[in-house]
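**Q** A predicted structure for the sequence below; I have some questions about it.
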Amino acid sequence: MSIRCDVIWMDGELVPYDEAKVHVLSHTLHYGLGSFEGIRTYEQTGSGQGGVFKLDAHLRRLFESARMCRMRVPFSQEEIREACLQTLRANKLKEGYIRPIIFLGHGAMGLGARSNRVHVAVATWPWGAYLGDEGLSRGIRVATSSYTRHHINANLQRAKIIGHYVNSILARYEANDNGFDEAIMLDQSGYVAEGTGENLFIARGDLVKTPPVVNILSGITRKTAIDIMRHEGIEVQESLFGRDALYVADELFMTGTAAEITPIREVDRLEVHAPGPITKKVQSIYLKGVRGEVEWLREHITTY
């Protein structure tokens with residue numbers, strides 16, 4: 001699906017898509033220091049309005065990530081919030097994807113450079129299922145990666161930082177080249193961490209487990225999935241577990257703003273029942289909730 005749109009918001013103004021450019025010597029292009037978010041908006045059932053799910057939570061993480069990078073953002077969180085909505089309206093999108101990004105421009109070069117201008121941009125485009133419509137309905141095939149998730153003290157694991165994703169890209173390439181849809185990454189101690197761009201849940205009997213927020217991204221969809229399960233009376237534990245737990249799980253699923261709630265039907269060539277009853281329940285409530293059909297989730301939707 002094309003990511004072209006009419007306009008992109010850059011440093012306070014809307015510019016045509018083809019004019020939204022940065023200099024080849026932009027610091028972030030060379031060194032990866034910057035923060036970004038992926039946010040979805042959904043057409044709301046009944047009203048036909050667009051509705052951004054958990055916009056404020058995403059923007060809070062965006063600004064917290066920039067703070068951890070020692071970047072002083074020249075706009076307030078409220079200004080970027082309005083920029084997201086303004087860009088959606090300008091591109092006439094009621095359903096799609098929002099990409100705010102904070103990055104360093106050109107000027108000084110080198111690892112110690114700190115005087116470069118901080119830029120902010122917001123792009124929006126139509127986007128369907130991240131791992132495919134079939135993946136949402138039937139489940140995906142995943143493999144344990146040979147690439148290890150960053151050590152907890154090697155990077156700022158809670159931050160959504162641009163350069164961090166080289167680790168994920170290499171793991172994703174490896175999985176795809178070996179015929180799988182996605183990878184599961186282990187941490188430095190061999191415990192299950194997350195996917196390349198998703199958090200992970202396993203279900204065995206009536207108990208669901210997910211790795212704690214220690215060396216994984218604190219996923220916003222992850223938190224929503226936990227809230228849904230607890231609201232439905234399903235026990236969820238945040239605890240460490242090894243790769244062997246994947247092989248004996250009754251259900252496996254991934255969560256992410258892009259991936260939404262995606263079941264896993266095979267892990268390391270072992271079949272898993274997918275989608276299982278817990279996965280189907282969480283997926284159904286989530287996909288209805290982001291479209292305004294679940295009353296207790298409506299407070300998290302910003303309509304425009």
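**A** Arrived safely.

**Q** Low-confidence stretches in the stretch 151-300 of the chain?
**A** By pLDDT under 70, the stretch 151-300 of the chain contains no weakly predicted segment.

**Q** what are the ranges of the strands in it?
**A** In the stretch 151-300 of the chain, strands defined by DSSP state E, counting those that start in this stretch lie at 182-186, 192-195, 199-204, 207-210, 235-238, 251-256, 260-267, 270-271, listed in chain order.

**Q** Buried residues in whichever strand or helix holds residue 80, which are they?
**A** Following DSSP states H and E, one finds residue 80 within helix 77-90. Neighbour-count burial for helix 77-90, counted by 16 or more other C-beta atoms under 10 Å, picks out 80, 81, 83, 84, 85, 86, 87, 88. Placement of C-beta: from N, CA and C, glycine included.

**Q** how far away is the first one from residue 290?
**A** Right, residue 80. As judged by C-beta to C-beta, to the nearest Å, residue 80 and residue 290 stand 21 Å apart.

**Q** now the third one
**A** Computed with C-beta to C-beta, the distance linking residue 83 and residue 290 is 21 Å.

**Q** and the helix holding residue 80, C-alpha only, in CSV?
**A** What follows is helix 77-90, C-alpha atoms only, in CSV (Å, rounded to 0.1, in the frame of the first residue of the first chain):
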residue,chain,number,x,y,z
GLN,A,77,2.9,18.0,23.2
GLU,A,78,-0.3,19.8,22.6
GLU,A,79,1.0,21.5,19.5
ILE,A,80,2.1,18.1,18.1
ARG,A,81,-1.3,16.7,19.1
GLU,A,82,-3.0,19.4,17.0
ALA,A,83,-0.5,18.8,14.1
CYS,A,84,-1.5,15.1,14.0
LEU,A,85,-5.2,16.0,13.7
GLN,A,86,-4.5,18.8,11.3
THR,A,87,-2.5,16.5,9.0
LEU,A,88,-5.2,13.9,9.1
ARG,A,89,-7.9,16.4,8.1
ALA,A,90,-5.7,17.9,5.3
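
**Q** per-residue confidence averaged over it?
**A** Regarding helix 77-90, the rounded mean pLDDT is 98.

**Q** Which residues does it contact?
**A** Residues outside helix 77-90 that contact it (C-beta atoms under 8 Å, 6 or more residues apart in numbering): 6-9, 14, 39, 41, 50, 52, 55-56, 59-60, 62-63, 73, 75, 96, 98, 100, 120, 122-124, 302, 304.

**Q** Buried only: go through those for me.
**A** Looks like the contacts of helix 77-90 have 7-9, 14, 39, 41, 50, 52, 55, 59, 62-63, 73, 75, 96, 98, 100, 120, 122-124, 302, 304 buried, using 16+ other C-beta under 10 Å.

**Q** what about the nearest residue to residue 128 once chain neighbours are set aside, how many neighbours?
**A** Spatial nearest neighbour of residue 128, chain neighbours left out: residue 1 (5.8 Å); criterion: C-beta to C-beta, 6 or more residues apart in numbering. The number of residues packed near residue 1 is 10, by other C-beta atoms under 10 Å.

**Q** what's near enough to touch residue 1?
**A** Listed by C-beta under 8 Å, 6+ apart, the contact set of residue 1 reads 125, 126, 127, 128.

**Q** so how far is residue 133 from it?
**A** Separation of residue 1 from residue 133 (C-beta to C-beta): 12 Å.

**Q** Could you tell me how far residue 58 is located from residue 255?
**A** Residue 58 is 14 Å from residue 255, by C-beta to C-beta.

**Q** repeat for residue 115
**A** 39 Å.

**Q** Which one's more surrounded, the two?
**A** residue 255 (26 against 8).

**Q** any chance you could map the helices in the stretch 151-300 of the chain?
**A** Using DSSP state H, counting those that start in this stretch, the helices found in the stretch 151-300 of the chain span residues 165-177, 220-231, 244-247, 277-289.

**Q** Relative to residue 209, which of these is closest?
**A** Of all those, the one in closest proximity to residue 209, counting by C-beta to C-beta, is helix 244-247 (7.3 Å).

**Q** Please save the CA atoms from the closest one in PDB.
**A** Extracted in PDB, the C-alpha atoms of helix 244-247 (Å, rounded to 0.1, in the frame of the first residue of the first chain):
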ATOM      1  CA  ASP A 244      10.300 -23.600  25.900                       C
ATOM      2  CA  ALA A 245       7.100 -21.900  27.100                       C
ATOM      3  CA  LEU A 246       6.300 -21.000  23.500                       C
ATOM      4  CA  TYR A 247       6.400 -24.700  22.400                       C
END
